[in-house]
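Asks: What shape does this take:
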Amino acid sequence: MNLGRLSQLLQLAQLGARAWRAPLVLALVLVAVQLLGAPVREILPYDRAAILTGGEYARLVTAHFFHYDLAHLAWNLVGLALVAALFAREFDLRGWLVILVASTVAVDLGFLVLEPQLEWYVGFSGVLHGLMAAGLCAWLWRTPDAITALVAGLFALKLGWEHLVGPLPFTASTLAIPVIHQAHSYGAIGGAGAALWLLWRQRPAAPSL
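Replies: Prediction:
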């Protein structure tokens with residue numbers, strides 16, 4: 001192996017390590033919040049009454065970082081690792097922050113406007129679906145091949161199944177609380193919208209005549 005090839009491999013390894021930094025920090029935040037335990041169980045979740053009548057707007061953010069139990073957290077950590085492994089290099093840190101915020105806002109607005117019966121919610125899965133949707137949008141934009149279309153189709157099929165049938169059996173059976181599948185759809189819409197906006201902004205400029 002010549003020195004040029006070795007240098008390229010080292011650069012790729014460094015890029016890969018940097019791509020995992022943000023997901024690792026996010027995972028550590030999720031774990032740290034969970035370790036706070038009982039003292040925060042009453043003040044972090046999405047609580048419709050507390051938000052609308054008590055002005056506790058911070059819950060619109062904190063609800064996504066707190067989980068009902070360790071099994072709930074574990075599922076989302078596995079999902080976060082999958083998203084990082086597949087898509088971490090599709091956007092820079094600023095881009096992922098935009099997608100994170102857009103997914104969070106989309107879930108919150110969906111709950112407040114379209115789900116008046118939903119009184120309580122915790123978990124990162126809605127935002128996680130936004131991150132997944134954003135990564136798939138980047139794949140479809142940059143490499144629109146059959147495999148990418150298949151993966152995107154399976155993701156859309158999952159969302160459709162949840163709306164028409166209910167939670168996937170293997171997730172519902174392992175969680176102690178009901179799966180709020182609406183969060184997945186709202187998060188996916190927010191993440192996809194933010195990703196398409198970022199990709200459109202990054203498109204090559206048209207050559208001038």
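Asks: C-alpha only now, for contacts and for neighbours.
Replies: Will do.
Asks: Residue 95: how many residues sit nearby?
Replies: Residues within reach of residue 95, counting by other CA atoms under 10 Å, total 14.
Asks: same deal with residue 36?
Replies: Residues near residue 36, counting by other CA under 10 Å: 11.
Asks: Strands of the protein, start to end?
Replies: In the chain, the segments counted as strands under DSSP state E are 46-47, 120-121.
Asks: can you put those strands in TSV and add mean pLDDT?
Replies: Output for these, formatted as TSV (pLDDT from 0 to 100):
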stretch	mean pLDDT
strand 46-47	97
strand 120-121	96
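Asks: most packed of those strands?
Replies: strand 46-47 (a mean of 24; mean count of other CA atoms under 10 Å).
Asks: Can you spell out which helices and strands pack onto that strand?
Replies: Applying 3 or more CA pairs under 8 Å, 6 or more residues apart in numbering; DSSP states H and E, we find strand 46-47 packed against helix 59-62, strand 120-121.
Asks: can you do 6 Å?
Replies: For strand 46-47, the packing partners by 3 or more CA pairs under 6 Å, 6 or more residues apart in numbering; DSSP states H and E come out as strand 120-121.
Asks: Can you tell me the strand partners of the strand it packs on and which way each runs?
Replies: With DSSP bridges as the test, strand 120-121 is paired with strand 46-47 (antiparallel).
Asks: Residue 195 contacts residue 134, doesn't it?
Replies: Yes: assessed by CA atoms under 6 Å, residue 195 is found in contact with residue 134 at 5.0 Å.
Asks: Make TSV from the strands of the chain and add distance to residue 169 to it.
Replies: Formatted as TSV, the strands of the chain follow (distance: least, CA to CA, whole Å):
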stretch	distance to residue 169
strand 46-47	25
strand 120-121	20
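Asks: hang on, the earlier thing: who's more crowded, residue 195 and residue 134?
Replies: residue 134 (32 against 28).
Asks: all helices for the chain, in order.
Replies: With DSSP state H as the criterion, the chain has helices at 3-35, 38-41, 48-52, 59-62, 70-87, 93-109, 125-142, 146-164, 169-172, 181-202.
Asks: Nearest to residue 116 among these would be which one?
Replies: Minimum separation from residue 116 across the helices of the chain (CA to CA) falls at helix 48-52, 8.1 Å.
Asks: same question for that closest one, mean pLDDT?
Replies: Here helix 48-52 scores 97 as its mean pLDDT.
Asks: Could you tell me which ranges of the chain sit under the pLDDT cut-off?
Replies: Counting by pLDDT under 70, the chain shows low-confidence ranges at 1-17, 170-176, 205-209.
Asks: excluding its backbone neighbours, what's nearest the spatially most central residue of it?
Replies: Residue closest to the average C-alpha location in the chain (CA atoms, centre = their mean): residue 128, at 2.0 Å. Leaving out its chain neighbours, the residue that sits closest to residue 128 by CA to CA, 6 or more residues apart in numbering is residue 80, at 6.7 Å.
Asks: What of residue 112?
Replies: Using CA to CA, 6+ apart and skipping residues adjacent in sequence, the residue nearest residue 112 is residue 48, 7.5 Å away.
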